[in-house]
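> here is my input, please return the structure:
(2 chains)
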Amino acid sequence: KNQVEQSPQSLIILEGKNCTLQCNYTVSPFSNLRWYKQDTGRGPVSLTIMTFSENTKSNGRYTATLDADTKQSSLHITASQLSDSASYICVVSASPDSWGKFQFGAGTQVVVTP
Amino acid sequence: DTEVTQTPKHLVMGMTNKKSLKCEQHMGHRAMYWYKQKAKKPPELMFVYSYEKLSINESVPSRFSPECPNSSLLNLHLHALQPEDSALYLCASSRTDRGLIEKLFFGSGTQLSVL
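This is a model prediction of the structure:
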(Lines give C-alpha, C1' and ligand atoms only; values in the text may rest on other atoms or scores of the structure.)
Protein backbone atom coordinates (compact mmCIF):
# COMPACT_ATOMS: atom_id res chain seq x y z
CA LYS A 1 0.00 0.00 0.00
CA ASN A 2 1.33 3.42 -0.94
CA GLN A 3 2.31 5.38 2.13
CA VAL A 4 1.60 8.70 0.41
CA GLU A 5 -1.87 9.35 -1.00
CA GLN A 6 -2.71 12.43 -3.03
CA SER A 7 -6.05 13.89 -4.01
CA PRO A 8 -7.60 14.75 -6.30
CA GLN A 9 -5.99 12.67 -9.02
CA SER A 10 -6.54 15.54 -11.45
CA LEU A 11 -8.29 18.86 -11.62
CA ILE A 12 -9.06 21.56 -14.13
CA ILE A 13 -9.18 25.18 -13.03
CA LEU A 14 -9.70 28.50 -14.75
CA GLU A 15 -6.78 30.85 -15.06
CA GLY A 16 -6.71 33.25 -12.14
CA LYS A 17 -8.55 30.95 -9.75
CA ASN A 18 -7.12 29.30 -6.63
CA CYS A 19 -6.89 25.59 -5.91
CA THR A 20 -5.78 23.28 -3.12
CA LEU A 21 -4.15 19.88 -3.44
CA GLN A 22 -4.10 17.32 -0.64
CA CYS A 23 -1.50 14.84 0.57
CA ASN A 24 -2.06 12.27 3.32
CA TYR A 25 0.77 10.05 4.47
CA THR A 26 1.42 7.17 6.83
CA VAL A 27 5.23 7.28 6.65
CA SER A 28 6.69 6.90 10.13
CA PRO A 29 8.82 8.13 11.74
CA PHE A 30 8.34 11.32 9.80
CA SER A 31 11.28 13.49 8.81
CA ASN A 32 10.14 15.91 6.14
CA LEU A 33 7.59 16.48 3.39
CA ARG A 34 8.24 18.02 0.00
CA TRP A 35 6.11 19.27 -2.81
CA TYR A 36 7.48 19.06 -6.34
CA LYS A 37 6.15 20.40 -9.63
CA GLN A 38 6.76 18.24 -12.68
CA ASP A 39 6.12 19.38 -16.22
CA THR A 40 5.44 16.61 -18.74
CA GLY A 41 8.64 14.89 -19.82
CA ARG A 42 10.78 16.90 -17.40
CA GLY A 43 12.29 16.26 -14.00
CA PRO A 44 10.48 17.35 -10.82
CA VAL A 45 11.36 20.75 -9.42
CA SER A 46 11.26 21.37 -5.68
CA LEU A 47 8.63 23.85 -4.45
CA THR A 48 8.80 23.47 -0.66
CA ILE A 49 10.33 21.31 2.04
CA MET A 50 8.86 21.18 5.55
CA THR A 51 9.92 19.37 8.69
CA PHE A 52 7.57 18.31 11.48
CA SER A 53 8.05 21.63 13.29
CA GLU A 54 6.88 23.74 10.35
CA ASN A 55 3.18 24.43 9.71
CA THR A 56 3.38 26.48 6.57
CA LYS A 57 5.86 27.48 3.92
CA SER A 58 5.43 29.68 0.87
CA ASN A 59 7.20 29.90 -2.45
CA GLY A 60 5.68 32.70 -4.50
CA ARG A 61 2.09 31.77 -5.32
CA TYR A 62 2.53 28.31 -3.79
CA THR A 63 1.78 27.80 -0.09
CA ALA A 64 2.21 24.45 1.59
CA THR A 65 0.78 23.52 4.97
CA LEU A 66 1.62 20.59 7.19
CA ASP A 67 -0.22 19.02 10.10
CA ALA A 68 2.18 16.40 11.46
CA ASP A 69 -0.40 15.23 14.01
CA THR A 70 -2.98 14.26 11.41
CA LYS A 71 -0.29 13.49 8.80
CA GLN A 72 -1.81 15.76 6.23
CA SER A 73 -0.38 18.38 3.95
CA SER A 74 -1.87 20.70 1.39
CA LEU A 75 -0.51 22.78 -1.46
CA HIS A 76 -2.44 25.94 -2.27
CA ILE A 77 -1.96 27.64 -5.62
CA THR A 78 -3.05 31.27 -5.69
CA ALA A 79 -4.13 33.13 -8.82
CA SER A 80 -3.28 30.24 -11.11
CA GLN A 81 -1.45 30.81 -14.36
CA LEU A 82 -1.31 28.70 -17.52
CA SER A 83 2.27 27.79 -16.59
CA ASP A 84 0.99 26.11 -13.43
CA SER A 85 -0.33 23.25 -15.57
CA ALA A 86 1.76 20.31 -14.37
CA SER A 87 1.79 17.32 -12.05
CA TYR A 88 2.29 18.16 -8.39
CA ILE A 89 3.96 15.44 -6.37
CA CYS A 90 4.06 15.04 -2.61
CA VAL A 91 7.20 13.30 -1.34
CA VAL A 92 7.73 12.18 2.24
CA SER A 93 10.96 11.14 3.94
CA ALA A 94 11.18 8.90 6.94
CA SER A 95 13.77 9.35 9.68
CA PRO A 96 17.23 10.61 8.83
CA ASP A 97 18.30 6.99 8.50
CA SER A 98 16.05 6.44 5.52
CA TRP A 99 19.13 5.82 3.41
CA GLY A 100 18.09 8.15 0.62
CA LYS A 101 14.65 6.61 0.12
CA PHE A 102 11.75 8.92 -0.47
CA GLN A 103 8.07 7.92 -0.62
CA PHE A 104 6.42 9.49 -3.66
CA GLY A 105 2.74 10.15 -4.06
CA ALA A 106 1.12 9.45 -7.43
CA GLY A 107 0.72 13.17 -8.07
CA THR A 108 -2.16 15.50 -8.88
CA GLN A 109 -2.41 16.55 -12.51
CA VAL A 110 -3.42 20.21 -12.68
CA VAL A 111 -4.68 21.76 -15.90
CA VAL A 112 -5.16 25.53 -15.99
CA THR A 113 -7.40 26.70 -18.80
CA PRO A 114 -7.75 30.23 -20.21
CA ASP B 1 25.38 26.03 -10.63
CA THR B 2 22.30 24.25 -9.28
CA GLU B 3 21.70 22.02 -12.24
CA VAL B 4 21.71 18.32 -12.82
CA THR B 5 22.43 17.69 -16.47
CA GLN B 6 21.30 14.54 -18.21
CA THR B 7 22.23 13.36 -21.68
CA PRO B 8 20.84 12.42 -24.05
CA LYS B 9 17.37 13.94 -23.69
CA HIS B 10 15.85 11.30 -25.94
CA LEU B 11 17.08 7.82 -26.83
CA VAL B 12 15.64 5.15 -29.08
CA MET B 13 17.33 1.77 -28.97
CA GLY B 14 16.78 -1.79 -30.10
CA MET B 15 16.70 -4.71 -27.73
CA THR B 16 20.20 -5.82 -28.77
CA ASN B 17 21.81 -2.40 -28.43
CA LYS B 18 24.15 -1.20 -25.71
CA LYS B 19 23.76 2.43 -24.69
CA SER B 20 24.57 4.63 -21.72
CA LEU B 21 22.75 7.45 -19.97
CA LYS B 22 24.84 10.16 -18.40
CA CYS B 23 24.25 12.49 -15.48
CA GLU B 24 26.44 15.29 -14.20
CA GLN B 25 26.28 17.75 -11.33
CA HIS B 26 28.76 20.29 -10.01
CA MET B 27 27.09 21.18 -6.73
CA GLY B 28 29.45 19.06 -4.64
CA HIS B 29 26.65 16.62 -3.88
CA ARG B 30 27.80 13.23 -2.63
CA ALA B 31 24.57 11.30 -3.20
CA MET B 32 23.26 10.57 -6.67
CA TYR B 33 20.16 8.65 -7.68
CA TRP B 34 18.61 6.95 -10.67
CA TYR B 35 14.83 6.86 -10.92
CA LYS B 36 12.56 5.29 -13.52
CA GLN B 37 9.23 6.95 -14.27
CA LYS B 38 6.43 5.57 -16.39
CA ALA B 39 3.82 7.92 -17.80
CA LYS B 40 1.40 9.29 -15.18
CA LYS B 41 3.19 7.37 -12.40
CA PRO B 42 5.52 8.61 -9.64
CA PRO B 43 9.25 8.05 -10.00
CA GLU B 44 10.53 4.68 -8.79
CA LEU B 45 13.93 4.49 -7.15
CA MET B 46 16.47 2.28 -8.94
CA PHE B 47 19.90 3.02 -7.46
CA VAL B 48 21.53 5.32 -4.93
CA TYR B 49 25.23 6.14 -4.84
CA SER B 50 26.66 7.63 -1.68
CA TYR B 51 30.22 8.93 -1.79
CA GLU B 52 30.75 7.10 -5.08
CA LYS B 53 29.71 3.76 -3.61
CA LEU B 54 26.52 1.93 -4.49
CA SER B 55 24.39 2.04 -1.34
CA ILE B 56 20.96 1.05 -2.66
CA ASN B 57 19.95 -1.28 -5.50
CA GLU B 58 16.19 -1.68 -5.56
CA SER B 59 16.35 -5.17 -7.09
CA VAL B 60 16.90 -3.72 -10.54
CA PRO B 61 17.48 -6.26 -13.37
CA SER B 62 21.11 -6.69 -14.37
CA ARG B 63 20.43 -5.28 -17.82
CA PHE B 64 20.71 -1.92 -16.02
CA SER B 65 24.23 -1.30 -14.75
CA PRO B 66 25.05 1.89 -12.84
CA GLU B 67 28.48 3.42 -12.59
CA CYS B 68 29.78 6.37 -10.59
CA PRO B 69 33.24 7.24 -11.99
CA ASN B 70 33.61 10.25 -9.68
CA SER B 71 31.61 12.46 -7.37
CA SER B 72 30.20 14.56 -10.25
CA LEU B 73 29.24 11.85 -12.72
CA LEU B 74 26.71 9.06 -12.75
CA ASN B 75 26.15 6.70 -15.64
CA LEU B 76 23.52 4.08 -16.36
CA HIS B 77 24.61 1.42 -18.82
CA LEU B 78 21.86 -0.30 -20.74
CA HIS B 79 22.08 -3.68 -22.45
CA ALA B 80 19.48 -6.07 -23.84
CA LEU B 81 16.56 -3.97 -22.70
CA GLN B 82 12.93 -4.91 -23.15
CA PRO B 83 10.13 -2.73 -24.58
CA GLU B 84 8.64 -2.46 -21.07
CA ASP B 85 11.81 -0.63 -20.02
CA SER B 86 10.67 2.35 -22.07
CA ALA B 87 10.26 5.22 -19.60
CA LEU B 88 11.63 8.55 -18.45
CA TYR B 89 14.89 7.97 -16.58
CA LEU B 90 15.60 10.63 -14.02
CA CYS B 91 18.87 11.39 -12.30
CA ALA B 92 18.87 13.28 -9.01
CA SER B 93 21.44 14.43 -6.51
CA SER B 94 21.54 15.64 -2.92
CA ARG B 95 24.26 16.76 -0.52
CA THR B 96 24.20 13.37 1.18
CA ASP B 97 21.73 10.51 1.35
CA ARG B 98 20.81 11.16 4.95
CA GLY B 99 20.27 14.14 7.18
CA LEU B 100 17.22 16.02 8.31
CA ILE B 101 16.62 17.93 5.11
CA GLU B 102 18.31 16.91 1.95
CA LYS B 103 16.90 18.68 -1.06
CA LEU B 104 16.69 16.52 -4.15
CA PHE B 105 17.73 18.16 -7.38
CA PHE B 106 16.42 16.37 -10.46
CA GLY B 107 17.68 16.42 -14.00
CA SER B 108 15.27 16.82 -16.92
CA GLY B 109 15.48 13.13 -17.66
CA THR B 110 16.18 10.90 -20.62
CA GLN B 111 13.08 9.69 -22.45
CA LEU B 112 13.97 6.15 -23.47
CA SER B 113 12.12 4.12 -26.07
CA VAL B 114 13.03 0.46 -26.57
CA LEU B 115 11.88 -1.03 -29.86
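> every contact and neighbour count from this point should use C-alpha atoms.
OK.
> which ones are touching the most centrally placed residue in chain B?
Nearest residue to the geometric centre of chain B (Cα atoms, centre = their mean): B:Trp34, 2.8 Å. Applying Cα atoms under 8 Å, 6 or more residues apart in numbering or on different chains to B:Trp34 gives the contacts B:45-48, B:89-92.
> can you redo the residues you listed as TSV with neighbour count?
As requested, these are exported to TSV (neighbours: other Cα atoms under 10 Å in any protein chain shown):
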residue	neighbour count
B:Leu45	23
B:Met46	20
B:Phe47	24
B:Val48	26
B:Tyr89	28
B:Leu90	27
B:Cys91	33
B:Ala92	28
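> backbone dihedrals for A:Asp84, please?
When read as degrees, to the nearest 10, the backbone of A:Asp84 gives phi -80, psi -10.
> how many other residues sit next to it?
Residue neighbour count, defined by other Cα atoms under 10 Å in any protein chain shown, stands at 19 for A:Asp84.
> isn't A:Val91 right up against A:Gly105?
Yes. Between A:Val91 and A:Gly105 there is a contact under Cα atoms under 8 Å: 6.1 Å.
> residue contacts, B:His29?
Per Cα under 8 Å, 6+ apart, neighbours of B:His29: B:71-72, B:93-96.
> sorry, back to before: give me the common contacts of A:Val91 and A:Gly105.
With Cα under 8 Å, 6+ apart, A:Val91 and A:Gly105 have common neighbours A:Val4.
> picking up where we left off before, quick one: the residue nearest to the centre of chain B and chain A, what's the gap?
From B:Trp34 across to chain A, the span is 11 Å (Cα to the nearest Cα, to the nearest Å).
> mind listing the residues bridging to that residue?
Counting by DSSP bridges, B:Trp34 is bridged to B:Phe47, B:Cys91.
> check it and give its pLDDT.
pLDDT, B:Trp34: 96.
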